[in-house]
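Asks: for reference, the sequence and a predicted model appear below.
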Amino acid sequence: MEYEAIICFETHVELRTRSKLFCSCPVQYDAEPNRNVCPVCTGQPGALPVLNRKALEFTIMAGLATGCRINKRARFARKNYFYPDLPKGYQISQYEMPVCENGYIIITGDDGEPYPVGIKRIHLEEDAGKLVHSSDSFSEAEFSMVDYNRSSVPLLEIVTDHERNPMRSVNEARQYLEKLRQILIYTGISDCIIEKGQFRCDVNISLRPKGSREFGNRAEIKNMASFRFIMDALQFEIRRQKRLLETGKRPGQETRLFDEQKRITIPMRSKEDAPDYRYFPDPDLVEVEISDEMIESIREQIPELPDQKLKKMTETFGIPMAEAVIITKDPKVSEFFEKSALKCKDIPRLSKWFINELFRFIKESSLTIDKIPVTPENFASLVNMISQGELTDTIARSVLEKMFSTGSPPEEIVDKEGLRPIEDEKVLEEIVDDVLSSHSDIVKQIKEGDRKPLNFLVGQVMRRTRGKANARVVKEMIEKRVS
Ligand SMILES: [Zn+2]
């Protein structure tokens, strides 16, 4: 029997607001422990929460960017549970009446067709504090400390729909996560740095016989530290559940943990042990009213999204899809590219040099593209010089290297270092003649009508000039002499 997987994500995303969700404490990743705290975010008696307007606007923006319906009224609820990182004994979250519902994110399905993965809801909630143990290994720790800096930092929870177009394979799951993260970064809602805990995923997965409408029991896998781990966990779960089903057993409805070393999932708790959060509306917060004017003004602030950008790269700039995908992965990268493209006369070459050469230098320098000394304008000038034959590829690479270390424009480097290609026929004459006389057999071949070895001769001259000759001029000189 063939089985299909049903995969759903619950993703928590830390918003890029300056202050926390219900107080004015700053949101800061690497502050000294318990620096950014106040009576509200540490749950002192009598302290009252006040909603951060920017966090609400970001939530609405996330909803609009993923085709959600924005509810006119939204409500906050208390999710009750006890854990030392939760000072109030409850988390302020949303239960009924979330801000956004019924959206989608378009990916390419396994059949090659566009597939809109259903988003059930996006809601706003507060983060918990962070436990720091006295030892790296929890079981060996003598004591634990709590850092409340993260307590009440605004989080989006984005939940996909298990009935409306869930993901059906590891490939679809990976695409969904990448696309979601890309949209959130493009809109500026979050930096989504996984290592900083700004983008955290829980996933649940069940299997059912292909064609069946019923759902199997779900395994939820929590707290995975990278996309790689999520994909490994899903792959493992598909194998594990399939094996159970094939031997006539039913996978249990349970929460499982991913073991990073062994790359397997292990049981954590069954459904019977699942906590009952006793949600109820938070009496300290009034219902939020969201007006049409507010929605429209946020809609106007949404920048070009990844799909629109991709379309622009392939249709307006005529860049091949594979290259456009790389360029549009990150908004800072596509911004740099677009600025260069405005000044460049040879876009296909710009795209190739961007991906093959500039990226290599960026990788080696471990800087982000907005921090490199090379400006988009200078990069465009370099590519223009190459396409006008003013620079050979070899020399252009060393010029780019110097642009990277000095930040100077290419023209300045070329003049200062005497790197202008040798175009003077008088200078090249001796070398060209020498190459021709030492390859008389090849010259004969060309004279008999076989033009293929012409490039070999050009290459010989380039070698002797260490790439400094203008290849176009050399070719013309050789052609003149052999014809
Ligand atoms: Zn506070």
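Replies: Good, I have the coordinates. Numbering: from 1, shown residues only.

Asks: tell me the SS of F258?
Replies: strand (DSSP: H, G, I helix; E, B strand; the rest coil).

Asks: pLDDT at it, what is it?
Replies: The predicted local confidence for F258 comes out at a pLDDT of 92.

Asks: what bridges to it?
Replies: Beta-bridge partners of F258, counted by DSSP bridges, are T265.

Asks: regarding the chain, what is its longest helix?
Replies: Scanning the chain for the longest helix, with DSSP state H as the assignment, gives helix 227-246.

Asks: in that one, what's buried?
Replies: When burial is assessed from 16 or more other C-beta atoms under 10 Å, helix 227-246 yields the following buried residues: 227, 229-234, 236-238, 240-242, 244-245. Heads up, the C-betas are built off the backbone N, CA and C, glycines and all.

Asks: which helix or strand contains the residue nearest the centre of the chain?
Replies: With the centre of the chain defined as its mean C-alpha position, the nearest residue by C-alpha atoms, centre = their mean is Q182, 4.8 Å away. Assigning secondary structure by DSSP states H and E places Q182 in helix 170-186.

Asks: neighbours of L51, just the number please.
Replies: Number of residues near L51 (other C-beta atoms under 10 Å) recorded here: 17.

Asks: I'd say V474 and V458 touch.
Replies: Yes: with contacts counted by C-beta atoms under 8 Å, V474 reaches V458, the gap being 5.3 Å.

Asks: between those two, which one's more packed in?
Replies: Using other C-beta under 10 Å as the criterion, V474 and V458 rank with V474 on top: 25 against 21.

Asks: thinking again about what came up before, in terms of pLDDT, where does the residue nearest to the centre of the chain sit?
Replies: According to the model's per-residue confidence, Q182 sits at a pLDDT of 96.

Asks: quick one: residues contacting it.
Replies: 306, 329-330 (C-beta atoms under 8 Å, 6 or more residues apart in numbering).

Asks: want to throw those into TSV with secondary structure, neighbour count and distance to T59?
Replies: Shown next, in TSV, are the contacts of Q182 (DSSP: H, G, I helix; E, B strand; the rest coil; neighbours: other C-beta atoms under 10 Å; distance: C-beta to C-beta, whole Å):
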residue	secondary structure	neighbour count	distance to T59
P306	helix	21	20
K329	coil	17	25
D330	coil	17	23
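
Asks: nearest to the ion, of the residues you listed?
Replies: D330 (32.2 Å; C-beta to the ion).

Asks: G252 versus the closest one, what's the distance?
Replies: As judged by C-beta to C-beta, to the nearest Å, D330 and G252 stand 41 Å apart.

Asks: list the residues that contact the residue lying closest to I395 once chain neighbours are set aside.
Replies: Nearest-residue entry for I395: L419, 5.3 Å, with adjacent residues in sequence omitted and distances by C-beta to C-beta, 6 or more residues apart in numbering. Shown in contact with L419 (C-beta under 8 Å, 6+ apart): 391, 395, 398-399, 413, 468.

Asks: list the buried residues for stretch 79-98?
Replies: 79-80, 85-88, 90-95, 97-98.

Asks: where does the stretch 301-450 of the chain have low pLDDT?
Replies: The model of the stretch 301-450 of the chain has no residue with pLDDT under 70.

Asks: for the residue of it found nearest the ion, which residues are in contact?
Replies: Here the residue of the stretch 301-450 of the chain nearest the ion is Q301; by C-beta to the ion that distance is 27.0 Å. Contacts of Q301 were listed using C-beta under 8 Å, 6+ apart, and they are M61.

Asks: for the ion, give me its nearest residue in the stretch 201-350 of the chain.
Replies: At 14.5 Å from the ion, D284 is the closest residue in the stretch 201-350 of the chain, using C-beta to the ion.

Asks: rewinding a little: farthest pair within the buried residues of stretch 79-98?
Replies: Comparing all pairs in those by C-beta to C-beta, the longest separation belongs to D85 and M97, at 26.5 Å.

Asks: residue numbers of this protein in contact with the ion?
Replies: 23, 25, 38, 40-41 (C-beta under 5 Å from the ion).

Asks: again, 8 Å this time
Replies: When proximity is defined as C-beta under 8 Å from the ion, the chain approaches the ion at 20, 22-25, 36-42, 151-152.

Asks: from those, which is closest to C344?
Replies: If you rank the residues of the chain next to the ion by distance to C344 using C-beta to C-beta, K20 comes first, at 44.3 Å.

Asks: find the nearest non-adjacent residue to that closest one, please.
Replies: Using C-beta to C-beta, 6+ apart and skipping residues adjacent in sequence, the residue nearest K20 is S152, 4.5 Å away.

Asks: show me the contacts for that neighbour.
Replies: S152 touches 20-23, 25, 40-41, 92, 126-127, counting by C-beta under 8 Å, 6+ apart.

Asks: mark which of these are part of strands, please.
Replies: Counted as lying in strands by DSSP state E, out of the contacts of S152, are 92, 126.

Asks: between which two of the contacts of S152 is the distance greatest?
Replies: So, the contacts of S152 by C-beta to C-beta: farthest apart are C25 and I92, at 14.8 Å.

Asks: burial of A322, as a residue count?
Replies: By other C-beta under 10 Å, neighbour count at A322 equals 8.

Asks: sorry, wrong one. I was asking about E390.
Replies: The burial count assigned to E390 is 19, neighbours taken as other C-beta under 10 Å.

Asks: on that earlier part again, got a quick ChimeraX command for the buried subset of the contacts of S152?
Replies: Burial among these is assessed by 16+ other C-beta under 10 Å; the matching ChimeraX selection reads:
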select :20,21,22,23,25,40,41,92,126,127
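
Asks: where do the helices sit along the stretch 351-483 of the chain?
Replies: 359-365, 376-387, 393-406, 410-416, 425-438, 440-447, 454-464, 471-482 (DSSP state H, counting those that start in this stretch).

Asks: quick check: which of those helices is nearest to R53?
Replies: Distance to R53, taken as C-beta to C-beta, is lowest for helix 376-387 among the helices of the stretch 351-483 of the chain, at 34.6 Å.

Asks: gap between the closest residue to A469 other than its chain neighbours and Y90?
Replies: On the basis of C-beta to C-beta, 6+ apart, the spatially nearest residue to A469 that is not a chain neighbour turns out to be I422, at 4.8 Å. With distances taken as C-beta to C-beta, I422 is found 76 Å from Y90.

Asks: ditto for T394
Replies: Following C-beta to C-beta, the distance that separates T394 from Y90 is 65 Å.

Asks: can you check D30 too?
Replies: Between D30 and Y90 the distance, using C-beta to C-beta, works out to 28 Å.

Asks: repeat that for F456.
Replies: From F456 to Y90 the distance is 77 Å (C-beta to C-beta).

Asks: and if you look at L21?
Replies: Using C-beta to C-beta, one obtains 14 Å as the distance from L21 to Y90.

Asks: which residues do the two both contact?
Replies: Overlap of the contact sets of L21 and Y90 (by C-beta under 8 Å, 6+ apart) is empty.
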